[in-house]
Structure formats: structure tokens, C-alpha cells
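J.: Here you go, sequence then predicted model.
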Amino acid sequence: MLLKKVLLGLTVSLAVFTGLANAAEKTVENKFKTMLPDVVVKEVGKSPIQGFYQIQVDSGKVFYMSEDGKYLIQGYLFELNDKTPKNLTLETEEKFVANLINNIDKSSMVVFKAKDNQPKTHVTIFTDTSCPYCHRLHEGVPALNERGIEVRYLAFPREGFASRGFEELQKVWCSDNQQEAMNQLMQEIPVKSVKKCNTPIVEQYVLGQKIGIRGTPAIILENGHIIPGYQPTPQLINEALAARPSTK
């Protein structure tokens, strides 16, 4: 009987605690939405800071708000220990980006496969065939493939939908041989006219903007880390291989 009373008391206490936590989360979410009504909240949960909640929005960005809704923090939160400080905010944001990008259907991308089609890891690159630094980056694709790195291209016409880049990307995505068309345009060799088709270019551009891409090339490693701009091939190989999940 005593055990039953103890268990009942624990159950009631847990229910009360859960109710208070849920109420606090709702207060935080409502206050945040009042301040930023156009931002979509994906998740609200406890943060490592006592008395603060963590808010993650649909771009992957993270904010921190006090449980009474009076204080809002935007910026990096570091965990300090005896070793290297750990950026908890960046870790959370990169996990979100990795989950988003790594789950895109590869059939909607232009993919350059790793050697023997046995990838050790992959990089996803927002590109524009009219971008000179994209041309330079593309020169390193064979070396990346040789080292077991699959290269996945997403379209990002940086000058908009009435630009040369947009028209060229349309040709790439509508080509029977997308890889060959990409190779040609990256070398500034014109591609013959191709039949128009439905492409994911607009959706990919919008996705890039959503996660903070503002120019090309923009490289995303398997762990969700974003490298803005051109990266020399040897350095990119090292970073890409280092970004593999530890379970691999």
C-alpha cells in the first residue's frame, strides 16, 4: 500500500512538472511569435542555460528566450571545459542543415559519383554555371571523386530567374546527360538547345536562401557545416573526409 502511494505521488508530481514545462514552452513560443510573426518555429525545448528555452526556427537558426519571455538572445552559446570550447548553437544548427540537405532526393540533383560508386562521404554544392569561382571549384570534382567523395549539385542562380545562370542551369537539369552539360558550361562551352522540362531549380534556390545561402559556390559537408565560397581542392578533401559521421 505504501509503495502504491509513493508511486501515485511520483506520477502526480511528474504530471504537474510536465504541465508547468509545457506551459512555459507555450509562453516562450507565443512571445517569440509576437515579436517575429513571419518566422516559423520548428521546436521549443530546454536550453543548457538555466531559466532559458531554446527556439529553433525553420531556417535552422537558434534563439534563446527566458522562460518568462522577457529576454531574447541571438548568438553562439559555448560550453567551456578543460579542452576546446564547444559551440553548442552551431552544433544544433548544423545538425538541422545536415538532416535537411542529406534527405533531398538525389534524383533532383546533378550528381558526380565517387570512385567505383563507393562514397566515403559527400558534399552538396549550391552552384551557378555563370559563376567563375564555381568553375574553379568544379575543376576539382574528379579529384574529389577519386578520394571517395560524391559531389551533389543544387541550383542557385545567384542573379535571379531572368539571368544567364538560370537559363544555363535549366539546360543542365533538362539535358539527357546532366553531368556532361554541367562539365561543358563550367568550361564556358555552350550547350545546344534542349527541350524544356520541369526542374527543381526554383525550389532549390528558395531552399538555399532559407538556410542562409547568399552566393555561390556554397558547400555543405555531410555534417551540415556550410563553407561559403570557393575552397581549394586539397583543403576541401580534408574537410569533407573529416566531416564523416564517427560511426563510418
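T.: Arrived safely.

J.: Could you use CA atoms for every contact and neighbour count after this?
T.: Fine.

J.: you'd agree residue 222 is up against residue 122?
T.: Yes: using Cα atoms under 8 Å, residue 222 is in contact with residue 122, at 6.0 Å.

J.: so how far is residue 22 from the residue nearest to the spatial centre of the chain?
T.: Central residue of the chain (Cα atoms, centre = their mean): residue 97, 2.4 Å from the mean position. Distance of residue 97 to residue 22, computed by Cα to Cα, to the nearest Å: 26 Å.

J.: buried set for stretch 103-118?
T.: Neighbour-count burial for stretch 103-118 flags 108, 109, 110, 111, 112, 113, 114, 115 (criterion: 16 or more other Cα atoms under 10 Å).

J.: Which of the helices or strands spans the closest residue to the fourth one other than its chain neighbours?
T.: So the one you mean is residue 111. Spatial nearest neighbour of residue 111, chain neighbours left out: residue 152 (4.5 Å); criterion: Cα to Cα, 6 or more residues apart in numbering. Using DSSP states H and E, residue 152 sits within strand 149-155.

J.: again, but for residue 89
T.: Residue 89 belongs to helix 88-102 when assigned by DSSP H and E.

J.: quick one, that helix and strand 149-155 angle?
T.: With axes from the mean of the first three to the mean of the last three Cα atoms, to 10 degrees applied, the angle from helix 88-102 to strand 149-155 works out at 80 degrees.

J.: Could you pull out the buried residues of helix 88-102?
T.: Those would be 89, 90, 93, 94, 96, 97, 98, 101, 102, for helix 88-102 by 16+ other Cα under 10 Å.

J.: What is the subsequent helix or strand relative to that helix?
T.: Downstream of helix 88-102 (by DSSP H and E), the next one is strand 110-112.

J.: Now the following helix or strand past that following strand - C-alpha only, PDB.
T.: Downstream of strand 110-112, the next assigned helix or strand under DSSP H and E is strand 121-127. Below are the C-alpha coordinates for strand 121-127, written out as PDB (Å, rounded to 0.1, in the frame of the first residue of the first chain):
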ATOM      1  CA  THR A 121      31.200  10.800 -47.800                       C
ATOM      2  CA  HIS A 122      29.600  13.500 -49.900                       C
ATOM      3  CA  VAL A 123      29.500  17.300 -50.400                       C
ATOM      4  CA  THR A 124      26.400  19.200 -51.600                       C
ATOM      5  CA  ILE A 125      27.200  22.400 -53.500                       C
ATOM      6  CA  PHE A 126      24.800  25.200 -54.400                       C
ATOM      7  CA  THR A 127      26.200  26.300 -57.800                       C
END
